[in-house]
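[1] Structure, please.
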Amino acid sequence: AAQFPNGGWPQVWPLEGGYHDAITFNDGAAIHALELLEETAAGRNEFSGVPESLRQAAGLAVTRGVGAILATQIMENGRRTVWGQQHDALTLAPAAGRNYEPAALCSSESAEVTLFLMALPKPDAAVVAAVHGAAAWFEKTAIHDASYERGPNGRRLMPRPGAPRLWARFYAMGTGQPVFGDRDKSIHDTVEELSMERQQGY
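    Purely as a prediction, here's the structure:
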């Protein structure tokens, strides 16, 4: 019932206004719904006894949900990139969440979306293209030879040759540069510019 006509899901249901009403990849909202429905449609595990009519309805919801994922994938210079935390339910454009969550390309949510698409049993050409586009974006935006460490003066990005690759949470649309939001809605270029509370707490 919570699924929008375009196939996306809000963060909460019933709708309560504000950023919660956007199509939400944050907190796994849309992906967890899709995973549940995909297992229901397939009749796997504890869903083996679900009536066929409900399995068919779940399958249609998954198809619409995958369509929403493809429609919200952010295009830049004709290339597929990744997704935002939230997308406007009408325009599908990336949308801001809380004060420190700008409308931007978002790495962690996009990783979850990409893994979901990769797990689909019979991906079509559009899904494959979406995964390849996201993978290319992750390769392009990775931070090499650095470690994000917590210390007495906040968190810092420290040089660490050979360290596993990292990604910022948010990247600015158009430039692909990491951006960091604070509670006052200000946007910064480095994590060190954030208030201590945001450095330690998010």
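[2] contacting residues for the closest residue to residue 8 other than its chain neighbours?
    Leaving aside its sequence neighbours, residue 8 sits nearest to residue 23 (C-beta to C-beta, 6 or more residues apart in numbering; 3.3 Å). Just so you know, the C-beta spots here come from the backbone N, C-alpha and C atoms, and that holds for glycine as well. Going by C-beta atoms under 8 Å, 6 or more residues apart in numbering, residue 23 touches 4, 6, 8-10, 30, 68, 72, 86-89, 92.
[3] Try it again at 6 Å.
    Neighbour list for residue 23: 8, 87, 89 [criterion: C-beta atoms under 6 Å, 6 or more residues apart in numbering].
[4] how many neighbours does the last one have?
    Read that as residue 89. Residues contacting residue 89 under the criterion other C-beta atoms under 10 Å number 19.
[5] where in this structure is pLDDT low?
    202 (pLDDT under 70).
[6] Look through it and tell me its longest helix.
    With secondary structure taken from DSSP state H, the chain has its longest helix at helix 52-72.
[7] State the phi and psi torsions of residue 20.
    Main-chain torsions, residue 20, degrees, to the nearest 10: phi -60, psi -20.
[8] Quick check: it touching residue 14?
    No. Counting by C-beta atoms under 6 Å, residue 20 does not reach residue 14; the two are 10.2 Å apart.
[9] Between those two, tell me which one has more neighbours.
    Set side by side, residue 20 and residue 14 show more neighbours around residue 20, with 16 against 7, by other C-beta under 10 Å.
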